[in-house]
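Participant: Any chance you could fold what I've pasted below:
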Amino acid sequence: MAQANRRGQGAGSEFSELRLAQMRGLARFILDSADEIDLLLRRRRDGMKVEATAALREFAHAAE
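Facilitator: Below is the predicted model of the structure:
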């Protein structure tokens with residue numbers, strides 16, 4: 001992004017340092033949010049696996 005800015009390529013005009021910092025901050029926020037969502041979903045999936053395993057085990061013992 002900074003390299004394109006220096007060469008004059010991009011969205012038509014140069015980005016100020018403030019704008020570049022804001023874009024980096026927004027990108028960091030998006031990545032952090034995605035990481036948190038991924039972690040939450042992994043925890044939920046793992047919890048569901050434990051519950052499903054326990055239910056299947058109970059079902060298997062009841063069939064005996």
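
Participant: where does this protein have low pLDDT?
Facilitator: Counting by pLDDT under 70, the low-confidence segments of the chain come to 1-2, 4-13.

Participant: quick check: longest helix of it.
Facilitator: The longest helix of the chain (DSSP state H) is helix 17-63.

Participant: neighbours of Phe15, just the number please.
Facilitator: Phe15 is flanked by 16 other residues according to other C-beta atoms under 10 Å. Using the backbone N, CA and C atoms, a C-beta is placed for each residue, glycine as well.

Participant: next one: the one 4 residues further on
Facilitator: Neighbouring residues of Arg19 were enumerated by other C-beta under 10 Å; the total is 14.

Participant: Kindly report the same for Gln3.
Facilitator: By the measure other C-beta under 10 Å, the count of residues near Gln3 is 8.

Participant: Now for Ala52: which residues touch it?
Facilitator: Ala52 makes no contacts at all, as judged by C-beta atoms under 8 Å, 6 or more residues apart in numbering.
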